[in-house]
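Provide a 3D model corresponding to the input given below.
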Amino acid sequence: KVTLTGYGTGVVASVPLAKDIARKINRTPGQVLLRWAVQKGIHVNPKSNQVSRLKENLEVLDFALDDEDMSALDGLDVPKIFYWNTSVLVPQGFAAKEEL
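Residues are numbered from 1 along each chain as shown. Predicted coordinates for the structure are as follows:
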């Protein structure tokens, strides 16, 4: 059963707890959340076309979150679905099959 899927909308990385931990350890909220997943044994496949983001994504292998931060992030387990806003990918005027 696969229960965790995320897309880079930035919604999850905007959670205040992720920002607080990031500030504390001098990382980005995205790095904190990716590192949390790696430490939980969750396979992550971050994607970016920006060299700075590719570097940032690899840097999650250079540090570890302490038990207190891991537990705090575990507490964010809420039944919410975050998804990619496909409207930014679909050209204006494109009609879905159901609309034709």
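
which residue sits closest to Ala37, ignoring its sequence neighbours?
Among residues not flanking Ala37 along the chain, Val44 sits closest, at 4.9 Å (Cβ to Cβ, 6 or more residues apart in numbering). Where C-beta positions appear, they are placed from N, C-alpha and C, glycine not excepted.

show me what contacts that neighbour?
Leu34, Ala37, Val38 (Cβ atoms under 8 Å, 6 or more residues apart in numbering).

What average pLDDT does stretch 22-37 get?
The average pLDDT within stretch 22-37 is 93.

What distance separates the opening and closing residues of that stretch?
For stretch 22-37, the separation between the terminal residues is 15 Å (Cα to Cα, to the nearest Å).

mind listing what's buried in that stretch?
Using 16 or more other Cβ atoms under 10 Å as the test for burial, stretch 22-37 gives Ala22, Arg27, Thr28, Pro29, Gly30, Gln31, Val32, Leu33, Leu34, Arg35, Trp36, Ala37.

Please tabulate the contacts of Val44 in a markdown table and include secondary structure as additional columns.
Formatted as a markdown table, the contacts of Val44 follow (DSSP: H, G, I helix; E, B strand; the rest coil):
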| residue | secondary structure |
| --- | --- |
| Leu34 | helix |
| Ala37 | helix |
| Val38 | helix |
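
Go through those residues and name the one nearest Leu73.
Closest to Leu73 out of these is Ala37 (9.4 Å), distances taken as Cβ to Cβ.

all helices of the protein, in order?
Taking DSSP state H, the helices of the chain run over residues 16-25, 29-39, 51-58, 67-74.
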